[in-house]
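Participant: Sequence plus the predicted model coming up.
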Amino acid sequence: MPIVISGKNIEVGESLREFVTQELRTVVEHYMGDIMEAQVVLSKDHHLFSADITVHIGHHLVVHCHGQDEDPYRSVTNSLHKLQSRIKRYKNRLQNRKRHPREEFVETSPALQYVVNGTAEDTGADAPLIIAEMNSQILALSVGEAVMRMDLSESSVLLFRNAANDQLNVVYKRPDGNVGWIDPSLKAK
């Protein structure tokens, strides 16, 4: 399992690098066996250290977690604790999918994601100047699977093709902490 450890505004020493590698391997191998790859980004902002861990567990399955503390080792431990609880919570679902695969092939559709600054008048200090283009796949999932993948990746929104009706749907995290679901094929009453 290749583990890429990098630092942002911090020099990652050999001791911290070994600690992250050993603890990450222990957690992931205990629950998931071998994985494809992992990326760890350690950063420092004023007095807090942050650890962002992204683990590519399988085909189209990524788990992301974030931890913070005043100590870099504890920030890694906090992030690993979130990773461990998230993997443990969804391990049964993932194992059931492997034991009972769907009859049909899970389709994916290629898509491009853009993050673009709106208009020319949005040039203030608070306006984002980032323009990014990324290739991604729109998976054919059930609503429950889509919510699971959104939770695993710590994203706030997920676009997917509903396996029940083959329409594009969206699940998102609402401000009240619940999950919202947009299905354009459902008729309003």
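Facilitator: That came through fine.

Participant: Can you give me the neighbour number for R17?
Facilitator: 16 (other C-beta atoms under 10 Å). No exception for glycine: its C-beta is placed from N, CA and C like everyone else's.

Participant: Can you tell me the SS state at it?
Facilitator: Three-state call for R17 (DSSP: H, G, I helix; E, B strand; the rest coil): helix.

Participant: Now it: closest residue in space that isn't a chain neighbour?
Facilitator: Spatial nearest neighbour of R17, chain neighbours left out: I5 (5.3 Å); criterion: C-beta to C-beta, 6 or more residues apart in numbering.

Participant: Could you do G7 as well?
Facilitator: L42 (5.0 Å).

Participant: Now name the helix or strand holding the one you found.
Facilitator: Per DSSP states H and E, L42 falls inside strand 37-45.

Participant: got the CA coordinates for that strand in PDB?
Facilitator: Extracted as PDB, the C-alpha positions of strand 37-45 are listed here (Å, rounded to 0.1, in the frame of the first residue of the first chain):
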ATOM      1  CA  GLU A  37      -3.300   3.900  -1.800                       C
ATOM      2  CA  ALA A  38      -3.400   6.500   1.000                       C
ATOM      3  CA  GLN A  39      -2.500  10.200   1.100                       C
ATOM      4  CA  VAL A  40      -1.800  12.100   4.300                       C
ATOM      5  CA  VAL A  41      -1.500  15.900   4.400                       C
ATOM      6  CA  LEU A  42      -0.200  17.500   7.600                       C
ATOM      7  CA  SER A  43      -0.600  21.200   8.100                       C
ATOM      8  CA  LYS A  44      -0.200  23.900  10.700                       C
ATOM      9  CA  ASP A  45      -2.300  27.000  11.000                       C
END
